[in-house]
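Asks: Show me the folded form of this:
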Amino acid sequence: MAQSVNSASGAFGTAISEFAASLPDRDLFAATGAVALVLLGLVVLALIVRGLLITSKHLNQVSAARAMAADTTPGNKIMMVRFRGANGRATRHAVTNALEHYLPEFNFGSPFYLGYSATEIEASDFALTRTDFQNLEQIFATSGADLIVWGSADVKEKRQRICFCTRDMLAGGNPKVFFTLTMTGKPSEWAESEMRAIAYVAGRRLRPSLGRPADFRADRLTPIVEAMEKILLADSVLTGQALTEIESDYTAGALHLGEQFKDTDWLDKSVARLAVALSKLSPEDNLMRWARAKIDLGRAMCYQCEQKFESAKLQEAMAHIRDGVNASQAGEGRAQAEMGVAAMKRAEQILESRRRFSIRWNA
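Replies: Model (predicted):
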């Protein structure tokens, strides 16, 4: 019995000795501990740096909003926020430069305040996320901004997406609530036409009334229409909705200037641009836009006939106006239809006065 107990004790002792022998030596334990402490220190340092960055970003956002709200510069306030992507910073600087140099051409030379916030907002062609929507609301509420600009840059495709949002757009109930402009090429290589195009889109968000040129005196409107013309003369600078807007604004503006100044050059430009637009547009594409183009083309041709009467041209003008009025009445363009009816009456007056003149002459 005693022998078996001693045997068991000896086996247990041997096992303990073997286990102890298999353990690393003290130096390895010390090294392992030191490595663990270093890694823990790096993790703690990374957390501290991350916290500092978050705090710095928040302080930047707060200070930018306060600075803009406190500024008493008359005119609009524009807040630039972070542009995402590897080339985001360069793109933001290029957009800022475009606004600083060319926005005055589209806001009647009025001064404006331009600030920067480190807020991040996703630049997409789709609706905003709830977080982005709330960030925009907060910027508008705390800074008093009239326009917020953000975007992203794709280095591989050399494509930049620039987004614009105003208070009214955010409160309008549209799920997208912002306007997207896509630009190509490297921002550092953008020419004057690209820079002016960016400024036009920003100015159009700040002043939707640019689409209603009759609201302005012709002398004040002239520099804006001339700036639009420079953009249109450059090939493929704007596309999509931005191109549609500037073509519509330009033709309406040229028509207004031609009417007010009795300038045949502006009338000719309006007629030429409208004819090209209508050649690419059909009622099925956009009924109201087609109808508006028809009415404007007819109006411009009527004014041309006032300067130099041509019976065939006047008849063509009346046909354009008639088509536009009928399409407007079929859609929801009551005001547009009324404008067309007024233009038709004017055309009829021109024709009637010409007939009276012919009767007197024959007599």
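Asks: burial measure for D263, as a count.
Replies: 17 (other Cβ atoms under 10 Å). To be clear about C-beta, it is placed using only N, CA and C from the backbone, and glycine gets the same treatment.
Asks: I'd guessed it sits against A254; true?
Replies: No - under the criterion of Cβ atoms under 8 Å, D263 is not in contact with A254, lying 9.2 Å apart.
Asks: now E157: how far from T142?
Replies: Separation of E157 from T142 (Cβ to Cβ, to the nearest Å) stands at 35 Å.
Asks: just the strands in the stretch 151-300 of the chain please.
Replies: 159-166, 179-184 (DSSP state E, counting those that start in this stretch).
Asks: tell me the most buried of these?
Replies: strand 159-166 (a mean of 22; mean count of other Cβ atoms under 10 Å).
Asks: Switch the strands of the stretch 151-300 of the chain over to TSV; also include distance to A191 and mean pLDDT.
Replies: Output for those, formatted as TSV (distance: least, Cβ to Cβ, whole Å; pLDDT from 0 to 100):
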stretch	distance to A191	mean pLDDT
strand 159-166	14	94
strand 179-184	11	93
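Asks: Distance to A90 added to those, as CSV?
Replies: Below are the strands of the stretch 151-300 of the chain laid out as CSV (distance: least, Cβ to Cβ, whole Å):
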stretch, distance to A90
strand 159-166, 9
strand 179-184, 12
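Asks: between these, which gets nearest to A327?
Replies: strand 179-184 (26.5 Å; Cβ to Cβ).
Asks: could you check the angle strand 159-166 makes with that closest one?
Replies: 160 degrees (axes from the mean of the first three to the mean of the last three Cα atoms, to 10 degrees).
Asks: Run through the neighbouring helices and strands of strand 179-184.
Replies: For strand 179-184, the packing partners by 3 or more Cβ pairs under 8 Å, 6 or more residues apart in numbering; DSSP states H and E come out as strand 159-166, helix 192-206, helix 240-261.
Asks: how about 6 Å then?
Replies: Where contact means 3 or more Cβ pairs under 6 Å, 6 or more residues apart in numbering; DSSP states H and E, strand 179-184 is packed against strand 159-166.
Asks: and the strand it packs on, which strands flank it?
Replies: Note on strand 159-166: by DSSP bridges, its sheet partners are strand 147-154 (antiparallel), strand 179-184 (antiparallel).
Asks: what does stretch 82-97 contact?
Replies: 80, 118, 120, 151-153, 155, 160, 187, 190, 198 (Cβ atoms under 6 Å, 6 or more residues apart in numbering).
Asks: swap the cut-off to 8 Å and go again
Replies: 80, 114, 116-123, 149-155, 160, 162, 186-188, 190, 195, 198 (Cβ atoms under 8 Å, 6 or more residues apart in numbering).
Asks: Put the buried members of those into a PyMOL selection.
Replies: To isolate the buried ones among the contacts of stretch 82-97 in PyMOL, judged by 16 or more other Cβ atoms under 10 Å, type:
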select buried, resi 80+114+116+117+119+121+123+149+150+151+152+153+160+162+187+190+195+198
